[in-house]
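K.L.:
generate a structure from the sequence data that follows.
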Amino acid sequence: MTSLQAELVVLEKWGADPQARALRQIILELTSLEREEHEEVLGLRAAAHECGYSEDHLGRLIRNGTLKNYGCKGAPRLRRGDLPRRSVGLLGQVPTRSIGDSKAAIARAITRPEGGDH
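P.N.:
Residues are numbered from 1 along each chain as shown. Predicted coordinates:
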């Protein structure tokens with residue numbers, strides 16, 4: 001159950017009918033938007049940016065049949081919902097750089113946001 005659905009249960013429990021109806025409509029609209037986004041077809045560059053894998057890697061996945069090509073051979077397109085996802089780091093970011101092996105490099109990577117000099 002999402003937090004919005006949990007809030008809906010509370011509103012209904014306490015008889016806040018107008019608020020519950022409004023929240024139910026919001027949940028329906030968000031679900032519809034999420035479904036549309038999942039179905040959106042992207043070009044290879046946009047798909048690579050979205051999922052964190054290179055265009056070359058995604059092209060290989062199309063060629064070997066792991067991913068379905070919604071475009072044509074020379075202009076592949078991928079459905080957003082089909083994209084593989086790179087594992088994310090501690091801060092919820094796709095790893096984009098090596099931090100090195102030293103304890104100092106690891107500490108800097110944990111305490112500073114990527115690209116930050118603070």
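K.L.:
helices of the chain, residue ranges please.
P.N.:
3-13, 17-39, 44-51, 55-63, 103-111 (DSSP state H).
K.L.:
was I right about Gly52 contacting Leu83?
P.N.:
No: applying CB atoms under 8 Å, one finds Gly52 not in contact with Leu83, separated by 9.1 Å. Glycine gets a C-beta too; all of them are placed from N, C-alpha and C.
K.L.:
on that earlier part again, so can I have CSV of the helices of the chain showing mean neighbour count?
P.N.:
CSV is the format used below for the helices of the chain (neighbours: other CB atoms under 10 Å):
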stretch, mean neighbour count
helix 3-13, 13
helix 17-39, 12
helix 44-51, 16
helix 55-63, 16
helix 103-111, 11
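K.L.:
out of the ones you listed, which comes closest to Ala75?
P.N.:
Nearest of the helices of the chain to Ala75, taken as CB to CB: helix 44-51 at 8.1 Å.
K.L.:
the inter-axis angle of that closest one versus helix 55-63?
P.N.:
Put simply, helix 44-51 runs at 100 degrees to helix 55-63, going by axes from the mean of the first three to the mean of the last three CA atoms, to 10 degrees.
K.L.:
residues contacting helix 44-51, please?
P.N.:
42, 54-55, 57-59, 76-78, 80, 83-86 (CB atoms under 8 Å, 6 or more residues apart in numbering).
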